[in-house]
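Trainee: have a look; sequence and predicted model below, questions after that.
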Amino acid sequence: MSFWTRLLGNGDKKYSLNDGVMFDTWYIVLPAILTVIGLIAIYSSSIYVSVEKFGTETHYMLRQLGYCVISIFIFMVLLNVSTKRWYDWGRWKIVLFVAVLSLLVVFVGRDINGAKRWLSLGFCNIQPSEFMKLSLILFVSGYIQRHHDEINSVWCNILVAIPIAIFLFILMLQRDMGTMVIIGAILMVTLFIAGMQWKVIFTAGVLSLIGVLLLIQDPYRMGKITSFYNPFESRTGTGFQLCMSLIAIAKGGLWGQGLGNSEIKLSYIPEPHTDFIMSIVSEECGFIAVLVVFILELMLIVRGFMMGFEALSSKTDRNYFHGFCAIGISTWFGVQCIINMGVICALFPTKGLTMPFISYGGTSLISSVMAVCILLRISYERKCSYFNRIRKAQMRYKQVNKRSHEGGRQVAGNDNKILNS
């Protein structure tokens, strides 16, 4: 099999009963490894901040561990939810629920570090915009499944634009430019692969750009946008975090200074366990550790794209909802990883986006686990569908063979071909 066939998905993929499990175990192994790495990184990077604020070294690590337990429970529950349920919920129910939660943030949300994006539940804060990504993926994937033959009609374009416009408007009210960029990337990739006309995609891109330009009119935000060109010119202002991040990366070199030996985390980077956690990983464990994390994330992303293209190109079990869900989730993880890594290297302006499974944040972890759970369920259902087709072909083969013995006829060739496939 050629490299491009493997990368873009084999539409005639065959499975073996010798696999042992009915789902792709990499969707469990890779997130589990990344989460463990994240717990270690959160503990190491947050020691100073945790002691300063709460008098204990393990506050943030234990909270993240609690989020992991909640995520495992959610994972075990949602793994039993079929993609047909997600398809039904994704029409309007999930979109409407997330939109209401996000609107509540605008009016009664909690302000943290100058950003009003969280709802306080007393014992924890949730960030509804994290669930916007998954809800829009479900909505758009289901919409393409229902209207893939008329995806370029004017009415279809209007209907798919309504929830997108609502979410983007809410994000503008929250001034959450990072999530707007992620959602824009997911939509551009998904609708392009679905075959939507270039003029529609271009128009959506222009409108998104106008929204971003409106958001950066604030002098502080404009300072963040411009400071990444040369952060050392504004090292005492908006470029401070980027300067400290670059120094941390330089100090870490190839192998790092040793786990726990970061100096930059000692109040030089505010909240070092969140968006800039990879800077601390680089300083303590070096470029090699960052490369390992990036490769693990890349493996998860590539497998998602492969499964998505397999679902779209399959001749016997084509499913647009499966395909675009997998592609949308993979695009989400991929763009977020690229932006997070680019921010710490001063290649992109500071966006406030986490590294999936690594950065501290309960809502980010839970939404990522939910997305992986959907990928697992898709892999499970596609394997089940494959073996069901084989069993039906075997039954037909036996029935035809039995009739041929009774009537003296030969076995039909079509069923024999199905069985051999």
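Mentor: Sure, I can see it. As the structure is a computational prediction, the values presented were derived from the model and not from experiment.

Trainee: report the contact partners of residue 231.
Mentor: Residues in contact with residue 231 (Cβ atoms under 8 Å, 6 or more residues apart in numbering) are 239, 240, 242, 243, 246, 346. Where you see a C-beta, it was placed from the backbone N, CA and C, and this is true even at glycine.

Trainee: and the last one, that's in a helix?
Mentor: No - secondary structure of residue 346, determined by DSSP: H, G, I helix; E, B strand; the rest coil: coil, with no helix assignment.

Trainee: still on that earlier bit, closest to residue 190 among the contacts of residue 231?
Mentor: Nearest to residue 190 among the contacts of residue 231 is residue 346, at 29.6 Å by Cβ to Cβ.

Trainee: distance check, that closest one against residue 21.
Mentor: 43 Å (Cβ to Cβ, to the nearest Å).

Trainee: higher neighbour count, these two?
Mentor: Neighbours were counted for residue 346 and for residue 21 using other Cβ atoms under 10 Å; residue 346 has more, 21 against 10.

Trainee: surely that one touches residue 246?
Mentor: Yes - judged on Cβ atoms under 8 Å, residue 346 makes contact with residue 246 at a distance of 6.0 Å.

Trainee: how far out from the middle of the chain is stretch 163-174?
Mentor: Its chain's C-alpha centre lies 19 Å from the corresponding centre of stretch 163-174 when counted by Cα atoms, centre = their mean, to the nearest Å.

Trainee: then stretch 277-286?
Mentor: Worked out by Cα atoms, centre = their mean, stretch 277-286 lies 22 Å from the chain centre.

Trainee: what are the contacting residues of that stretch?
Mentor: Stretch 277-286 is contacted from outside by 38, 41-42, 44-45, 244-245, 248-249, 251-265, 269, 272-273, 289-290, 293, 340-341, 344, 355, 358-360, using Cβ under 8 Å, 6+ apart.

Trainee: narrow these to those in helices?
Mentor: When DSSP state H defines the helices, the subset of the contacts of stretch 277-286 inside them is 38, 41-42, 44-45, 244-245, 248-249, 251-252, 289-290, 293, 340-341, 344.

Trainee: among the contacts of residue 231, who's most crowded?
Mentor: So for the contacts of residue 231 (other Cβ under 10 Å), the most neighbours sit at residue 242, 26 neighbours.

Trainee: state whether that residue is indeed within a helix.
Mentor: Yes - under three-state DSSP, residue 242 sits within a helix.

Trainee: state the pLDDT value of the nearest residue to it once chain neighbours are set aside.
Mentor: In this structure, residue 242 finds its nearest non-sequential neighbour in residue 231, 3.7 Å apart by Cβ to Cβ, 6 or more residues apart in numbering. In this prediction, residue 231 carries a pLDDT score of 73.

Trainee: for the chain, what spans make up the strands?
Mentor: Assigned strands in the chain, in chain order: 110-112, 115-120, 125-126 (criterion: DSSP state E).

Trainee: in a markdown table, list these along with distance to residue 137.
Mentor: Formatted as a markdown table, the strands of the chain follow (distance: least, Cβ to Cβ, whole Å):
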| stretch | distance to residue 137 |
| --- | --- |
| strand 110-112 | 26 |
| strand 115-120 | 20 |
| strand 125-126 | 19 |
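
Trainee: those: which one's closest to residue 313?
Mentor: Within these, the stretch nearest residue 313 is strand 125-126; the backing value is 37.7 Å (Cβ to Cβ).

Trainee: what does the closest one rub up against?
Mentor: The contact list for strand 125-126 (Cβ under 8 Å, 6+ apart) reads 101, 110, 112, 118, 119, 362, 363.

Trainee: ok, now which ones touch the last one?
Mentor: Applying Cβ under 8 Å, 6+ apart, one finds that residue 363 lies in contact with 125, 126, 127, 128, 130, 131.

Trainee: so what's residue 245 up against?
Mentor: Applying Cβ under 8 Å, 6+ apart, we find residue 245 in contact with 264, 269, 276, 279, 343, 344, 345, 346.

Trainee: could you do residue 44 as well?
Mentor: Going by Cβ under 8 Å, 6+ apart, residue 44 touches 259, 260, 262, 265, 280, 284.

Trainee: ok, how many other residues are close to the third one?
Mentor: Residue 262 is flanked by 27 other residues according to other Cβ under 10 Å.

Trainee: my guess is it contacts residue 248. True?
Mentor: Yes - using Cβ under 8 Å, residue 262 is in contact with residue 248, at 6.9 Å.

Trainee: and stretch 293-304, what's buried?
Mentor: Using 16 or more other Cβ atoms under 10 Å as the test for burial, stretch 293-304 gives 293, 296, 297, 300, 301, 303, 304.

Trainee: same check, this time on stretch 322-341
Mentor: Neighbour-count burial for stretch 322-341 flags 322-341 (criterion: 16+ other Cβ under 10 Å).

Trainee: show the buried residues in the contacts of strand 125-126.
Mentor: Among the contacts of strand 125-126, those classed as buried by 16+ other Cβ under 10 Å are 101, 118, 119, 362, 363.

Trainee: and the nearest residue to the fourth one once chain neighbours are set aside, how far from residue 392?
Mentor: In space, not counting the residues next to it along the chain, residue 362 is nearest to residue 67; the distance is 3.9 Å by Cβ to Cβ, 6+ apart. Look at residue 67 and residue 392: by Cβ to Cβ, they are 43 Å apart.

Trainee: hang on, the earlier thing: so for residue 401, which of the strands of the chain sits nearest?
Mentor: Between residue 401 and the strands of the chain, the tightest spacing by Cβ to Cβ is seen for strand 125-126, at 59.3 Å.

Trainee: many thanks, I have nothing further to ask.
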